[in-house]
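Colleague: give me coordinates for this.
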Amino acid sequence: MPRLPEGLELDPVIEAYKKDVDRTLLRENLKLTVEQRFQKLFDLQKFAAELRRAGRETWPSRANR
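Modeller: Numbering: from 1, shown residues only. This next block holds a predicted model:
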């Protein structure tokens with residue numbers, strides 16, 4: 001493990017979560033331009049809206065929950 005500068009300590013909470021994070025996805029996302037990242041976010045939001053719409057059409061009685 002790399003040495004930290006004097007006075008800095010590893011945060012045990014962050015270290016515990018790191019093992020569950022797929023850093024390859026983070027690296028791939030950081031290769032994109034800001035515009036490409038925003039486009040991916042916009043596409044995801046459109047997809048989520050479509051899922052909500054399809055759910056309301058499929059189960060109309062649950063739409064107001």
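
Colleague: show me the shaky parts of this protein.
Modeller: In the predicted model of the chain, residues 1-2, 63-65 satisfy pLDDT under 70.

Colleague: can you give me the helices for it?
Modeller: For the chain, the helices defined by DSSP state H cover 12-18, 23-30, 34-58.

Colleague: dump the ones you listed to CSV, plus mean neighbour count and distance to residue 6.
Modeller: C-beta coordinates here come from the backbone N, C-alpha and C atoms, glycine included. Output for the helices of the chain, formatted as CSV (neighbours: other Cβ atoms under 10 Å; distance: least, Cβ to Cβ, whole Å):
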stretch, mean neighbour count, distance to residue 6
helix 12-18, 9, 19
helix 23-30, 9, 27
helix 34-58, 10, 36
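
Colleague: turn the ones you listed into CSV, columns for distance to residue 4.
Modeller: CSV is the format used below for the helices of the chain (distance: least, Cβ to Cβ, whole Å):
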stretch, distance to residue 4
helix 12-18, 12
helix 23-30, 19
helix 34-58, 30
